[in-house]
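# build the 3D model from these lines:
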Amino acid sequence: MKNIVIVGRPNVGKSSLFNRIIHRRKAVVEEMPGVTRDRLLERTEWNDRSFYLTDTGGYVPSKTDRITTLVSKQVDLAIDEGDIILFTVDAIEGVTPLDREIADSLRKNGKNVFLVVNKVDNAKREQVIYSFFKLGFKRVFPVSSIHGRGVAELLDEIVKLIPEERREAPTERIKLAIIGKPNVGKSSLFKRIINEERVIVDEEPGTTRDAIDTDLEFEGEKLTIIDTAGIRRKPRIKTDIEYYTIKRAINALLLCDVAMVMVDGSVEITRQDKRLIALSYRSAGAVIILLNKMDLVPKRLWNDVSRYFYDALPYIPYLLALPISAKRGDGVFDAVRIAIDGYKRSSTLLDNEELNQIIKDAVLYFPHKRIGKKRVFISGCKQVSQNPPQVVFFTNFPDDIAKDYKRYLEKKIREVFPLGGIPLVMKFRARRKRKE
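The predicted model follows:
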């Protein structure tokens with residue numbers, strides 16, 4: 001499938017164009033140069049032609065600033081992988097020396113280049129596009145990525161270069177989201193798993209700003225790995241950029257099958273770590289706690305570190321914690337295998353007869369305390385959904401079941417079924433009255 005790459009200097013509207021083409025807001029858009037740092041890849045289609053669209057960070061080939069150099073390296077990789085380049089410029093600012101530098105670099109590459117003159121919001125502004133022909137490209141298109149003006153005409157010409165492909169049934173993929181606080185090593189893990197320099201990895205906190213999806217196959221299983229921005233506590237969210245980035249990371253958590261929550265295993269757990277773990281258990285079908293940076297901890301102390309984290313989270317007795325080092329690769333692929341296993345266990349239907357027998361025995365052995373003078377009956381249960389498993393219990397007091405009794409029933413279920421690392425959603429409903 002063809003890969004179309006959007007490149008250009010900072011703040012010319014590349015991410016707005018990306019969002020316009022894919023029909024949803026995925027890339028962070030803000031009036032500040034350099035907001036998009038990583039490459040975003042999305043599959044989309046136009047006129048029955050499917051293609052990948054890649055958004056890149058602002059391209060500054062000659063800059064020596066650390067982050068900017070890393071971004072430019074990302075753009076170089078994207079251009080090498082791309083089949084068609086959408087070189088985006090700003091109609092309002094006109095041709096700049098940096099535009100010329102990027103144009104020179106693209107001409108040497110020999111790829112199909114469409115010069116996209118963005119911010120042409122009305123017919124009057126179209127007159128300025130003629131000055132951009134001096135950049136040396138034959139295909140020049142005036143567009144407004146904000147209003148959608150000219151984008152359809154651009155796509156019509158692009159898909160002429162894309163051959164019609166035989167459609168295949170979509171393959172179900174297991175979606176794994178990597179979440180955690182800033183600078184705990186999420187992008188290092190992502191990069192280690194996909195074995196590609198697609199994500200900027202740097203010691204500066206907050207280097208990843210977008211949720212980045214990559215499809216891959218691992219030991220015969222089709223996966224989508226989502227690397228998300230670091231999630232901070234609300235008082236520390238200082239800009240609109242950070243707000244939208246974190247919001248997108250949380251949305252990725254809501255859509256994923258398995259949450260891989262990264263914490264720094266070389267230091268004490270923080271309140272924000274605990275909040276993220278709790279959020280993951282409310283959202284994902286399975287959760288794995290990855291104790292990263294264990295290369296900073298002597299191997300003989302790894303068990304003690306794991307025990308410390310289990311003790312620090314006593315209210316989640318079924319959690320799965322795995323020590324890893326994304327930097328060295330220790331435990332990384334074991335984590336992926338455990339995540340896949342967690343998804344499969346979370347997606348498996350519990351045996352209904354065995355489940356009901358467990359609850360019957362549990363209620364008989366330890367009945368719920370009376371409510372007033374009335375006995376509480378739990379007549380049975382039924383699993384109604386998977387990933388995570390949700391079980392509905394039928395009772396005469398659905399709104400009054402005590403929390404400690406719910407935990408008791410959950411414990412009895414977990415003693416029989418392999419639900420380590422898997423949230424169990426429990427609902428209580430009124431018993432159906434028998435028809436007379």
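# okay, CA-based contacts and neighbour counts for the rest of this
Fine.
# beyond the helix or strand of the chain with the lowest mean pLDDT, next helix or strand please.
One helix or strand of the chain scores below all others by mean pLDDT, DSSP states H and E: helix 240-255, with a mean of 55. Next helix or strand after helix 240-255 toward the C-terminus (DSSP states H and E): strand 258-264.
# centre of the chain versus that next one, how much separation?
How far strand 258-264 lies from its chain's middle: 12 Å, per CA atoms, centre = their mean, to the nearest Å.
# list the helices and strands that strand packs on?
Counting contacts by 3 or more CA pairs under 8 Å, 6 or more residues apart in numbering; DSSP states H and E, strand 258-264 is packed against strand 174-180, helix 271-283, strand 286-292, helix 332-346.
# what angle do strand 286-292 and the second one make with each other?
With axes from the mean of the first three to the mean of the last three CA atoms, to 10 degrees applied, the angle from helix 271-283 to strand 286-292 works out at 160 degrees.
# and the gap between the residue nearest to residue 194 when sequence neighbours are not counted and residue 86?
For residue 194, ignoring the flanking residues on the chain, the nearest one in space by CA to CA, 6 or more residues apart in numbering is residue 216 at 7.5 Å. Residue 216 is 26 Å from residue 86, where distance means CA to CA, to the nearest Å.
# run a quick neighbour tally on the residue nearest to residue 274 when sequence neighbours are not counted.
Of all residues not flanking residue 274 in the chain, residue 313 sits nearest, at 7.8 Å (CA to CA, 6+ apart). When neighbours are defined as other CA atoms under 10 Å, residue 313 has 15 of them.
# then residue 407?
Residue 407: 12 neighbours (other CA under 10 Å).
# give the buried residues for the helix or strand hosting it.
Element membership of residue 407, judged by DSSP H and E, is helix 403-416. By neighbour count with 16 or more other CA atoms under 10 Å, helix 403-416 contains the buried residues 409, 413.
# counting by contacts, list what it packs against.
Judged by 3+ CA pairs under 8 Å, 6+ apart, helix 403-416 is in contact with helix 352-365.
# list the buried residues of the following helix or strand past the helix it packs on.
Next helix or strand after helix 352-365 toward the C-terminus (DSSP H and E): strand 378-385. Residues of strand 378-385 classed as buried by neighbour count (16+ other CA under 10 Å): 378, 379, 380, 381, 382, 383.
# can you tell me how far the second one is from residue 216?
Per CA to CA, residue 379 is found 46 Å from residue 216.
# so the residue nearest the centre of the chain is in which element?
Centroid check for the chain by CA atoms, centre = their mean gives residue 226 as the closest residue, at 3.4 Å. Taking DSSP H and E as the criterion, residue 226 maps to strand 221-227.
# and the contacts of that strand?
171-179, 186-187, 190, 211-217, 252 (CA atoms under 8 Å, 6 or more residues apart in numbering).
# redo that, cut-off 6 Å
173-178, 211-217 (CA atoms under 6 Å, 6 or more residues apart in numbering).
# again, but for stretch 96-106
Counting by CA under 6 Å, 6+ apart, no residue outside stretch 96-106 touches it.
# which residue ranges of the stretch 51-200 of the chain form helices?
66-81, 97-109, 151-159, 186-194 (DSSP state H, counting those that start in this stretch).
# show me which positions of the third one end up buried.
For helix 151-159, a neighbour-count test (16+ other CA under 10 Å) marks 151, 154, 158, 159 as buried.
# what does that helix rub up against?
With contacts defined as CA under 6 Å, 6+ apart, helix 151-159 is touched by residue 143.
# switch the cut-off to 7 Å
For helix 151-159, the surrounding residues in contact (CA atoms under 7 Å, 6 or more residues apart in numbering) are 46, 49, 141, 143.
# flag the shaky bits of the chain, pLDDT-wise.
24-41, 43, 57-78, 81, 165-171, 196-212, 227-252, 254, 432-436 (pLDDT under 70).
# before we move on, the earlier item: in JSON lines: the contacts of strand 221-227, plus neighbour count.
Putting the contacts of strand 221-227 into JSON lines (neighbours: other CA atoms under 10 Å) gives the following:
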{"residue": "173", "neighbour count": "15"}
{"residue": "174", "neighbour count": "19"}
{"residue": "175", "neighbour count": "24"}
{"residue": "176", "neighbour count": "27"}
{"residue": "177", "neighbour count": "31"}
{"residue": "178", "neighbour count": "29"}
{"residue": "211", "neighbour count": "28"}
{"residue": "212", "neighbour count": "27"}
{"residue": "213", "neighbour count": "21"}
{"residue": "214", "neighbour count": "16"}
{"residue": "215", "neighbour count": "15"}
{"residue": "216", "neighbour count": "14"}
{"residue": "217", "neighbour count": "11"}
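# how about these in a markdown table, adding distance to residue 127?
Conversion of the contacts of strand 221-227 to a markdown table gives the following (distance: CA to CA, whole Å):
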| residue | distance to residue 127 |
| --- | --- |
| 173 | 47 |
| 174 | 49 |
| 175 | 47 |
| 176 | 48 |
| 177 | 46 |
| 178 | 47 |
| 211 | 38 |
| 212 | 37 |
| 213 | 39 |
| 214 | 40 |
| 215 | 42 |
| 216 | 45 |
| 217 | 49 |
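# any idea which of the contacts of helix 151-159 is closest to residue 13?
residue 143 (10.5 Å; CA to CA).
# what sits against the closest one?
By CA under 7 Å, 6+ apart, the neighbours of residue 143 are 116, 117, 118, 119, 120, 149, 150, 151.
# run through the bridge partners of the third one.
Same thing as residue 118. Bridge pairing for residue 118 (DSSP bridges) gives the partners residue 90.
# what's around it, how many residues?
So residue 118, with other CA under 10 Å, has 27 neighbours.
# domains for the protein, by residue range?
Annotated domains of the chain cover 3-159, 174-346, 352-430 [automatic domain parsing].
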